[in-house]
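In: Got a predicted model here, sequence first, then my questions.
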Amino acid sequence: MCHGSSIDEKMSEIRISNTLTGQKELFGPLTPGTVNMYTCGVTVYDHCHVGHARSLYVFEVIRRYLSFRGYKVTLVRNITDVDDKIINRAREWAQEQDISLEEAFEKVRTTYIDSYYEDLKLLGIPQADAEPKATENIEEMQHYIGNLIEKGVAYEKEGNVYFSVRTLPHYGVLSGKKIDDLLDSVRIEKDPYKRDPLDFALWKKTKPEEPAWDSPWGKGRPGWHIECSVMSQRYLHTDTLDIHGGGVDLVFPHHENELAQSEALTGKQFAKYWIHHGLLTINGQKMAKSLGNFFTIKDVVKKYPADILKLFYLGAHYSSPIDFSWEKMKEAKTAYERIKILHDKLQQQYGKINITEEFRGGAGNAGIFKQQFIEAMDDDFNMPRGLAVLFDMVTAFNKTLDSDIELKDFILKYALEIMQEIAHIFCLDFFTDRPLELSEKEIEAMIEMRAVYKKQKNFEEADKVREELLKQGIILEDGKDGKTTWRRKL
């Protein structure tokens, strides 16, 4: 479906706002034509919410657009399945269900990992090329930590291992924080085993009954930050990532600490481009279960198709915060309907027409929209501008439908192809419908029957045909030329 653009000709024009430099930069991966991309995934202690969905969606669109522009993209997204929040939830389940903490921990993990994969299906978002779990990479993390100790940038104390922040002179480069200011500006957990309050845990000695793994430093479990360094480099087979992504709330301390431990070990830049998306609020408030404004992905897709949630996300630049409300979802549904209606008309009337590549190259009006979309997305993946191009197409080609211009059929066929390309990049499923109970032949036969009734001025029977089709999810539209077309009810 996606024709794309040649690597040499266009891909070098993509610009990305890089958190590391605070600037919009011309994109250039380490190896021309290929992109290694890592994004922080979910922590599996609960069902995914609409904030998680935004992150999953944003990076899927970026992956698809880079592929459209000719890059071979490898995406790795981790699953954090050992963490304080998961252990706390396991304690609750152990008490409620009268089972051991070990059993409860495994049950929490598997329940919410399964739920996460269900959510991906509900959203119509494919899995990443690799989705490694923290618990599957414990040995690799221990090896990584051991190498940091050998380098003299980490130390062990009473079964805990810490990274020594002051051994890395440029610590704070990603977040723009200065080491000497951190003690006053951030909340730091008290830990008597740290040499410096700013140091962070690479390996934690576990408390009684908590999940634990044998290690050179005694039984314990990994710290949060270490898993991403290990799994990104392991599964992308590189010390330096082209793109590292996540929410803006992860810049400090999570991503800052990832960068610190990785660069301290390899002596190389950890990631060339850091992409951070804005956070999601609910009716202007931070999302929280205590406020009663916590909506899971499953909550939302019960009320609206996933496409409408995606269209809502497309309304704001990925780097900006976005406020969720049911009113905005209604607005997104209205916008969705405009695009869907045009598509159904084009697909029905022009979907089977064949056009040549020469025509595509010279079909000015339709081709202009494709170029405008590329220009929008090349500019730091400006999805709202890209979506605006799709709406401009709706306006323009609804007019073309009612015209009798030369080569109308071929122009509208090409417009349909471009709409489908954009929809694919935006991971929208406008063009996949549930099977109809009636076949297209049966629908056309009923439309012909209605036309006969209208000629006979038997409008009552004609209306009955329309109503019967409406019950089957089919809406009829009578054109100015007297021709009747049909579309599915949304």
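Out: Received the coordinates, thanks.
In: how does the protein divide into domains?
Out: 7-291, 304-425, 440-488 (automatic domain parsing).
In: So for Lys298, which of those domains sits nearest?
Out: domain 7-291 (6.4 Å; C-beta to C-beta). To be clear about C-beta, it is placed using only N, CA and C from the backbone, and glycine gets the same treatment.
In: starting at the chain centroid, how far to that closest one?
Out: With C-alpha atoms, centre = their mean, to the nearest Å as the basis, domain 7-291 stands 16 Å off its chain's centre.
In: Quick check: mean pLDDT of it?
Out: Over the span of domain 7-291, the pLDDT mean works out to 94.
In: Dihedrals phi and psi, the residue nearest the centre of the chain?
Out: The centre of the chain sits closest to Tyr57, judged by C-alpha atoms, centre = their mean, with a distance of 1.8 Å. Backbone geometry at Tyr57, expressed as degrees, to the nearest 10, gives phi -70, psi -50.
In: Regarding the closest residue to Pro132 other than its chain neighbours, which helix or strand does it belong to?
Out: Nearest non-adjacent residue to Pro132, counting by C-beta to C-beta, 6 or more residues apart in numbering: Met231, 4.7 Å away. Secondary structure assignment for Met231, by DSSP states H and E: helix 224-236.
In: which residues touch Ile422?
Out: 373, 386, 389-390 (C-beta atoms under 8 Å, 6 or more residues apart in numbering).
In: For the stretch 151-300 of the chain, which segments count as strands?
Out: 154-157, 160-163, 200-205, 220-222, 241-247, 271-277, 280-282, 285-286 (DSSP state E, counting those that start in this stretch).
In: Looking at these, which is nearest to Ile99?
Out: strand 220-222 (20.1 Å).
In: so how far is the helix or strand where Phe369 lies from its chain's centroid?
Out: Here Phe369, judged by DSSP H and E, is contained in helix 364-378. Centroid separation for helix 364-378 versus its chain: 23 Å, with C-alpha atoms, centre = their mean.
In: Show me what it is packed against.
Out: Taking 3 or more C-beta pairs under 8 Å, 6 or more residues apart in numbering; DSSP states H and E as contact, the helices and strands that helix 364-378 lies on are helix 383-401, helix 408-425.
In: Which of the ones you listed has the highest mean neighbour count?
Out: helix 408-425 (a mean of 20; mean count of other C-beta atoms under 10 Å).
In: Can you give the distance from it to the centre of its chain?
Out: With C-alpha atoms, centre = their mean as the basis, the mean position of helix 408-425 lies at 24 Å from the chain mean.
In: picking that back up, take the domains of the chain and lay them out in TSV including distance to Lys298.
Out: Formatted as TSV, these follow (distance: least, C-beta to C-beta, whole Å):
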stretch	distance to Lys298
domain 7-291	6
domain 304-425	11
domain 440-488	24
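In: what residues are up against the residue nearest to Pro132?
Out: Contacts of Met231 (C-beta under 8 Å, 6+ apart): 76, 78, 132, 134, 137, 140.
In: Just give the closest residue to Glu60, not the sequence neighbours.
Out: Ile125 (5.0 Å).
In: How many residues are close by that neighbour?
Out: 19 (other C-beta atoms under 10 Å).
In: so Ile87 sits right up against Ala104, yeah?
Out: No - Ile87 is beyond contact range of Ala104, at 9.3 Å (criterion: C-beta atoms under 8 Å).
In: In this structure Ser229 contacts Ser262, no?
Out: Yes - between Ser229 and Ser262 a contact is recorded at 4.5 Å, counting by C-beta under 8 Å.
In: how about the helices in the stretch 201-350 of the chain?
Out: 224-236, 256-266, 297-303, 306-314, 326-350 (DSSP state H, counting those that start in this stretch).
In: Dump those to a markdown table, plus distance to His244.
Out: Putting those into a markdown table (distance: least, C-beta to C-beta, whole Å) gives the following:
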| stretch | distance to His244 |
| --- | --- |
| helix 224-236 | 7 |
| helix 256-266 | 8 |
| helix 297-303 | 24 |
| helix 306-314 | 21 |
| helix 326-350 | 30 |
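In: Tell me which of those helices approaches Asn283 most closely.
Out: Closest among the helices of the stretch 201-350 of the chain, using C-beta to C-beta: helix 326-350, at 9.1 Å.
In: following that closest one, which helix or strand comes up?
Out: helix 357-362.
In: Could you list every helix and strand that that next one packs against?
Out: Helix 357-362 packs on helix 408-425, going by 3+ C-beta pairs under 8 Å, 6+ apart.
In: Quick one: work out the angle between the next helix or strand after the helix it packs on and helix 326-350.
Out: Downstream of helix 408-425, the next assigned helix or strand under DSSP H and E is helix 440-455. Counting by axes from the mean of the first three to the mean of the last three C-alpha atoms, to 10 degrees, helix 440-455 lies at 90 degrees to helix 326-350.
In: can you pull the contacts of Arg77?
Out: Contacts of Arg77 (C-beta under 8 Å, 6+ apart): 38-41, 59, 128, 130-131.
In: Please pick the buried ones from those residues.
Out: Using 16 or more other C-beta atoms under 10 Å as the burial test, these include 38-41, 59, 128, 130-131 as buried.
In: could I get those residues as TSV with secondary structure and distance to Glu256?
Out: Listed next are these as TSV, based on DSSP: H, G, I helix; E, B strand; the rest coil; distance: C-beta to C-beta, whole Å:
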residue	secondary structure	distance to Glu256
Tyr38	strand	16
Thr39	strand	17
Cys40	coil	13
Gly41	coil	19
Phe59	helix	20
Ala128	coil	23
Ala130	strand	24
Glu131	coil	24
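In: nearest to Gly267, of those residues?
Out: Tyr38 (19.4 Å).
In: I'd like to know how far the closest one sits from Val58.
Out: Distance from Tyr38 to Val58, counting by C-beta to C-beta, to the nearest Å: 14 Å.
In: same question, Glu337
Out: With C-beta to C-beta as the criterion, Glu337 and Val58 are 24 Å apart.
In: Which of those two has more residues huddled nearby?
Out: For Glu337 and Val58, the more surrounded residue by other C-beta under 10 Å is Val58, and the numbers stand at 24 against 12.
In: my read: that one touches Tyr313, true?
Out: Yes - using C-beta under 8 Å, Val58 is in contact with Tyr313, at 7.1 Å.
In: Distance check, Met329 against Ala306.
Out: 12 Å.
In: what about Glu357, neighbour count?
Out: 8.
In: Skipping adjacent residues, who's closest to Tyr112 in space?
Out: Per C-beta to C-beta, 6+ apart, closest to Tyr112 is Val44, 3.8 Å.
In: Now for the one you found: which residues touch it?
Out: 79-81, 86, 108-109, 112-113, 115-116.
In: from those, which single one is nearest Glu256?
Out: Thr80 (17.3 Å).
In: Same question for Arg54, what's its three-state structure.
Out: Secondary structure for Arg54, judged by DSSP: H, G, I helix; E, B strand; the rest coil, is helix.
In: Contact partners for it?
Out: 277, 280, 313, 322.
In: So what's the residue count around the second one?
Out: I take that to be Leu280. 22.
In: ok, now how distant is it from Ile425?
Out: For Leu280, the distance to Ile425 - C-beta to C-beta - is 22 Å.
In: likewise the third one?
Out: Using C-beta to C-beta, one gets 14 Å for the distance from Tyr313 to Ile425.
In: One more: the first one?
Out: Remark: distance between His277 and Ile425 (C-beta to C-beta) = 17 Å.
In: Can you check the pLDDT for the nearest residue to Phe312 once chain neighbours are set aside?
Out: Among residues not flanking Phe312 along the chain, Ala332 sits closest, at 4.3 Å (C-beta to C-beta, 6+ apart). Per-residue confidence for Ala332 comes out at a pLDDT of 97.
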